[in-house]
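**Q** Return atomic coordinates for the entry below.
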Amino acid sequence: MNMRLGVRTRLLIVVVAAVAIALAIGIAAFNAFLGQRLSSSATALARAQADAELSSVRVRGGRLFAREGPDEGAVSSLAWVFAGDRVLEAPRVRLRLDQAARSLAGGPERSLDVDESDRLYAIPIVQGDARYGTVVAAVALDPYGETARTALFGSLALAVLVLGAVTLICRWMLGRALLPVSRMTESAETWSERDLDQRFELGEPYDELTQLASTLDGLLERIAASLRHEQRFTAELSHELRTPLARVKGETELMLRRERTTEEYRKALEAIDRNVDEMTRTVDTLVAAARHEAGLTQTTSDLREAVSAAIKTSAAATDGMAIQLALPREPIRVSVESHLLTRIVQPLFDNACLYGRSTVDVEVARKGSTAYVTVFDDGPGVDDDEGDRIFEPGERGSAGSAQGRGAGLGLSLARRLARGAGGDVTVTPSAAGGQFSVRLPLGH
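**A** Sure thing, here's the model as predicted:
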């Protein structure tokens, strides 16, 4: 079975394994050093005992004499004194240890371990240039071995305790460190496609986790923008197609309701054809807007021609409204496609004709590297608190709400298209009439 471990478990395993390896190396090094020190201590003690025994022997008349009674300088009774191969003094010990001591007689200064339980140390007895014998001392190694075993078991027990403590502490620390990730996961699981404004919001990035949260917030912002764009596109498409579709529907219902003359059928079909052309232009405009926002098109068009075309296609322009148009003599080219440009200025004329009482003034001008279109009407105007709200999708000003006119999407689309081209659509709040302006960069 393929077990998939979580990030916290994998990190915990790595940390605990690293600590375990470090403890193993430390315990091995400590016990090796301790063993060496204990061995040196045993050797030093055996040599000290041999030196003490050596100080108790005498050479008289070329002969070696051992001590005759207890010597306070002697540290241990486990000592042998040899005159050549002859034993002058020997303790009562087991045979193997006695044989090992005798084997050191006549040899150089050295040490010898016997059955890993005793250590012998031999020192020659020399006076002048003559050697008279050998002193051998023995030290039991059992206390040193017990110390080494105690240290080994103690260090192993300490290592187990340290490893357990490290495991618990690391588990707690990793849990605390990865807590933001757990919270982010829980939050993301509860969000739905309607929670477009939800973000992790861990603040300014200062480590890897907060950097991840910031990156995910940016990704969510792009996804939300894409979803809003899709929703806005759907709303705009519905708004732009609603009127021509209603006209087509009305004409067809009238055609089917009663018999009509050939001329009436022709006029109805011509009206249907115009509305179909308008829907086609709408779809083409929205597609072109999407391409323009994606940076797929680079073209210029004459702002004067777009304004003239928008005025001609304005639905209410012929309902007794006086249109006063001020155009410059020279072309004003802007970096927007012609049908997109028409769609930017069209809602301004429609609103002016819809809410104006008698006149609409349109001015096209160029100032520096920017082109302007300003539309004035003598209607109720826009209140101060409605300056930005009327550009939100689905929002209408107080005049539009009172009259129940419009779906509140035309200005939103106009501003989005203008900003996508590097310009903007603004309104000047006033009770003396409406004043909308389009600002666009000149083309190159």
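
**Q** Please could you give me each C-alpha atom of stretch 167-182, formatted as CSV?
**A** Provided in CSV are the C-alpha atoms of stretch 167-182 (Å, rounded to 0.1, in the frame of the first residue of the first chain):
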residue,chain,number,x,y,z
THR,A,167,10.1,14.9,18.5
LEU,A,168,7.4,16.5,20.7
ILE,A,169,8.9,20.0,20.4
CYS,A,170,9.3,19.7,16.6
ARG,A,171,5.8,18.4,16.2
TRP,A,172,4.5,21.4,18.1
MET,A,173,6.7,23.9,16.3
LEU,A,174,5.8,22.4,12.9
GLY,A,175,2.2,22.5,13.7
ARG,A,176,2.4,26.2,14.7
ALA,A,177,4.5,27.0,11.7
LEU,A,178,2.2,25.3,9.3
LEU,A,179,-1.0,26.5,11.0
PRO,A,180,-1.4,29.3,8.4
VAL,A,181,-1.4,26.7,5.7
SER,A,182,-4.1,24.6,7.5
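
**Q** Identify the residues contacting it?
**A** Contact partners of stretch 167-182, identified using C-beta atoms under 8 Å, 6 or more residues apart in numbering, comprise 7-8, 11-12, 15-16, 202, 209-210, 212-213. From N, CA and C alone the C-beta is placed, and that goes for glycine too.

**Q** Helix or strand: which one has T342?
**A** Using DSSP states H and E, T342 maps to helix 338-355.

**Q** Check which residues of that helix are buried.
**A** The neighbour-count check on helix 338-355 (16 or more other C-beta atoms under 10 Å) flags 338-355 as buried.

**Q** next one: stretch 78-86
**A** Buried residues in stretch 78-86, counted by 16+ other C-beta under 10 Å: 78-83.

**Q** tell me which of these is nearest to A309?
**A** Of all the buried residues of stretch 78-86, A309 sits closest to L78, with 122.8 Å by C-beta to C-beta.

**Q** Tell me who's in contact with V126.
**A** Counted by C-beta under 8 Å, 6+ apart, V126 has contacts Y132.

**Q** Quick check, pLDDT for it.
**A** Per-residue confidence (pLDDT) for V126: 88.

**Q** if I pick A271, what's in contact with it?
**A** Shown in contact with A271 (C-beta under 8 Å, 6+ apart): 247, 251.

**Q** Determine the three-state secondary structure at it.
**A** Recorded secondary structure, A271: helix (DSSP: H, G, I helix; E, B strand; the rest coil).

**Q** I'd like the numbering to begin with 41 instead of 1 from here.
**A** Okay, using 41 as the starting number, the last item reads as A311.

**Q** Against L394, how distant is it?
**A** In this structure, A311 and L394 are 21 Å apart, going by C-beta to C-beta, to the nearest Å.

**Q** which residues of this protein fall in helices?
**A** Along the chain, counting by DSSP state H, helices occupy 47-94, 135-143, 182-217, 219-230, 248-297, 302-333, 343-353, 378-395, 438-443, 450-460.

**Q** what distance separates the fifth one from the centre of its chain?
**A** When distances are taken as C-alpha atoms, centre = their mean, to the nearest Å, helix 248-297 is centred 32 Å away from the chain's centroid.

**Q** same for it, what does it pack against?
**A** In terms of contacts (3 or more C-beta pairs under 8 Å, 6 or more residues apart in numbering; DSSP states H and E), helix 248-297 is packed against helix 219-230, helix 302-333, helix 450-460.

**Q** Which phi and psi values does the residue in the chain sticking out farthest from the centre adopt?
**A** Most distant from the centre of the chain: G101, at 94.0 Å, with distances by C-alpha atoms, centre = their mean. Here is the backbone geometry of G101 (degrees, to the nearest 10): phi 60, psi 30.

**Q** what's near enough to touch it?
**A** Contacts of G101 (C-beta under 8 Å, 6+ apart): none.

**Q** With just CA atoms, put stretch 49-56 into PDB.
**A** In PDB, the C-alpha atoms belonging to stretch 49-56 read as follows (Å, rounded to 0.1, in the frame of the first residue of the first chain):
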ATOM      1  CA  THR A  49       4.900  14.300   8.900                       C
ATOM      2  CA  ARG A  50       7.700  14.300   6.300                       C
ATOM      3  CA  LEU A  51       9.400  17.300   7.900                       C
ATOM      4  CA  LEU A  52       9.100  15.700  11.300                       C
ATOM      5  CA  ILE A  53      10.600  12.500  10.100                       C
ATOM      6  CA  VAL A  54      13.500  14.400   8.500                       C
ATOM      7  CA  VAL A  55      14.200  16.400  11.600                       C
ATOM      8  CA  VAL A  56      14.000  13.400  14.000                       C
END
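
**Q** Could you dump the helices and strands packed on helix 248-297 into a markdown table with mean pLDDT added?
**A** A markdown table is the format used below for the helices and strands packed on helix 248-297 (pLDDT from 0 to 100):
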| stretch | mean pLDDT |
| --- | --- |
| helix 219-230 | 75 |
| helix 302-333 | 75 |
| helix 450-460 | 80 |
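
**Q** ok so, going back, quick one, the helix holding T382 and helix 343-353 angle?
**A** If you take axes from the mean of the first three to the mean of the last three C-alpha atoms, to 10 degrees, helix 378-395 sits at 50 degrees to helix 343-353.

**Q** what helices or strands is helix 378-395 leaning on?
**A** Judged by 3+ C-beta pairs under 8 Å, 6+ apart, helix 378-395 is in contact with helix 302-333, strand 341-342, helix 343-353, strand 399-407, strand 410-417, helix 438-443, helix 450-460, strand 475-481.

**Q** center of the chain, which residue is that?
**A** In the chain, the C-alpha nearest the mean C-alpha coordinate belongs to L252, at 1.6 Å (C-alpha atoms, centre = their mean).
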